[in-house]
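S.K.: output the structure for:
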Amino acid sequence: MACRKVDRTIARKIIDSIDNFLFDCDGVLWEASKEIPGSADTIAALRKLGKKIFYITNNSGKTRSQYVEKCKSLGFHAAEEDVICTGHAAAQYIKAQNLKGKVYCVGNTSMGVELDSFGIKHFGIGPDEVPGSIEQIGIQQHVNLDPEVSCVLVGFDPHINYMKMTKAASYIRKNGTLFVATNEDTHLPLAGDLVVPGTGAVVGAIKIPARKEPVVVGKPNSVMFDLLKKEHNLDPSRCMMVGDRSDTDIHMANLCGMDSLLVFSGDMSYDRLQDLQKSADTDDKKLNIPKYYCDKLGDLGSFIQQFI
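M.R.: Numbers count the residues shown, from 1 in each chain. Predicted coordinates for the structure are as follows:
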């Protein structure tokens with residue numbers, strides 16, 4: 001399965017065939033708190049051509065309103081309805097299940113804000129210290145399970161510990177408990193030698209003892225796009241996902257029937273893409289191959305400017 005580098009002809013084809021552009025953020029539009037040159041101008045050019053822009057992120061550590069503020073601070077126009085992050089999508093998904101009871105949330109304060117916005121009762125966010133006597137008398141003496149819990153939601157949690165893992169897995173083992181995860185990203189997208197475990201590490205620590213797989217809202221799964229498609233009446237064939245990761249952004253695009261554009265300004269490189277193409281001998285790996293690629297989003301933008 002071959003993919004093609006964006007040139008003027010391909011850029012024209014993209015503009016003619018795509019109405020809705022879905023952008024991953026970190027590594028595509030910005031790095032940390034700095035815009036990747038040309039990205040904001042590209043978004044502005046697409047808007048001038050009447051295209052709809054969405055910002056799609058696996059990050060559960062920010063609310064939609066916080067993402068809007070970050071977008072604006074870096075020169076990207078955005079409204080809350082343009083942003084879909086995993087904390088909001090998870091809350092939206094849980095609300096749609098019409099569950100009674102409470103959510104035990106292994107997560108962060110932003111996830112709590114999103115749950116609150118849907119009127120969902122929850123608890124568990126923040127530190128849950130392991131008592132000093134736990135090694136002497138056992139963990140069972142310290143855990144009291146709430147019988148009203150009907151859902152466990154797991155996202156990025158800097159306070160993850162043995163106590164939280166025990167409670168979450170125990171709730172999940174109850175018959176009928178919904179198990180939802182924001183994403184399973186392996187690490188945070190940070191430069192340098194420091195490796196910071198991502199939400200996938202937190203989810204793994206819970207799903208292994210629970211012996212149950214979660215409904216994963218974030219990329220590469222289809223849940224976030226399914227919610228967005230329903231809310232905005234999107235036609236997948238008129239949508240393009242732009243990302244820097246083949247195993248999340250591009251995989252979701254192909255899974256959902258969208259066009260895809262991979263940029264090399266973040267996680268992926270041209271050499272890695274070439275290796276991926278050579279080894280794409282299974283259906284799952286084929287879903288990781290983009291339709292188009294370019295070095296950075298601004299390369300597409302430079303062609304788009306010619307069409308305005």
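S.K.: and the next helix or strand past whatever helix or strand V202 lives in?
M.R.: Counting by DSSP states H and E, the element that carries V202 is helix 199-210. Scanning forward in sequence from helix 199-210 by DSSP H and E, the next helix or strand is strand 215-216.
S.K.: quick one: contacts of whichever helix or strand comes after that next one?
M.R.: Counting by DSSP H and E, the next helix or strand C-terminal to strand 215-216 is helix 223-232. The set of residues external to helix 223-232 that reach it, using CB atoms under 8 Å, 6 or more residues apart in numbering, is 20, 22, 52, 54, 56, 84, 86, 89, 92-93, 215-218, 234, 236, 252, 256, 258. All C-beta atoms are positioned from the backbone trio N, CA, C, and that covers glycine.
S.K.: can I get helix 223-232 in PDB, CA atoms only?
M.R.: Coordinates of the C-alpha atoms in helix 223-232 are reproduced here as PDB (Å, rounded to 0.1, in the frame of the first residue of the first chain):
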ATOM      1  CA  VAL A 223     -15.400   6.200  19.500                       C
ATOM      2  CA  MET A 224     -14.200   9.800  19.400                       C
ATOM      3  CA  PHE A 225     -14.900  10.100  15.700                       C
ATOM      4  CA  ASP A 226     -18.200   8.300  16.000                       C
ATOM      5  CA  LEU A 227     -19.300  10.900  18.600                       C
ATOM      6  CA  LEU A 228     -18.100  13.800  16.400                       C
ATOM      7  CA  LYS A 229     -19.700  12.400  13.300                       C
ATOM      8  CA  LYS A 230     -23.100  12.100  14.900                       C
ATOM      9  CA  GLU A 231     -22.900  15.500  16.500                       C
ATOM     10  CA  HIS A 232     -21.800  17.300  13.300                       C
END
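S.K.: now it, how far from the centre of its chain.
M.R.: Using CA atoms, centre = their mean, to the nearest Å, we find the averaged C-alpha position of helix 223-232 to lie 13 Å away from the chain's own average C-alpha position.
S.K.: just the angle between whatever helix or strand comes next after that helix and helix 223-232, please?
M.R.: Next in sequence after helix 223-232, counting helices and strands by DSSP H and E, comes strand 239-243. Strand 239-243 and helix 223-232 meet at an angle of 140 degrees, taking axes from the mean of the first three to the mean of the last three CA atoms, to 10 degrees as the criterion.
S.K.: how close does the residue nearest the centre of the chain get to Q97?
M.R.: Among the residues of the chain, the smallest C-alpha distance to the mean C-alpha position (CA atoms, centre = their mean) belongs to N58, namely 1.8 Å. Relative to Q97, N58 is positioned 21 Å away (criterion: CB to CB, to the nearest Å).
S.K.: try F76
M.R.: Separation of F76 from Q97 (CB to CB) stands at 33 Å.
S.K.: and these two? which has more neighbours close in?
M.R.: Remark: of F76 and Q97, F76 carries more neighbours, 24 against 11, as counted by other CB atoms under 10 Å.
S.K.: wait, isn't that one in contact with D41?
M.R.: No: the pair F76 / D41 is not scored as a contact, 10.2 Å apart, by CB atoms under 8 Å.
S.K.: pLDDT averaged over the helix holding V202 - what is it?
M.R.: In this model, helix 199-210 has an average pLDDT of 97.
S.K.: now the closest residue to H77 other than its chain neighbours, what's its secondary structure?
M.R.: What sits nearest to H77 in space, not counting adjacent residues and going by CB to CB, 6 or more residues apart in numbering, is R47, at 6.7 Å. Three-state call for R47 (DSSP: H, G, I helix; E, B strand; the rest coil): helix.
S.K.: what segments of the chain are strands?
M.R.: 4-5, 20-23, 30-31, 34-35, 52-57, 83-85, 102-106, 122-123, 149-154, 178-181, 215-216, 239-243, 259-263, 292-294 (DSSP state E).
S.K.: possible to save these as CSV with mean pLDDT and distance to L227?
M.R.: Below are the strands of the chain laid out as CSV (pLDDT from 0 to 100; distance: least, CB to CB, whole Å):
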stretch, mean pLDDT, distance to L227
strand 4-5, 92, 30
strand 20-23, 98, 12
strand 30-31, 92, 24
strand 34-35, 94, 28
strand 52-57, 98, 11
strand 83-85, 96, 7
strand 102-106, 98, 18
strand 122-123, 98, 19
strand 149-154, 98, 15
strand 178-181, 98, 13
strand 215-216, 98, 12
strand 239-243, 97, 14
strand 259-263, 96, 19
strand 292-294, 94, 26
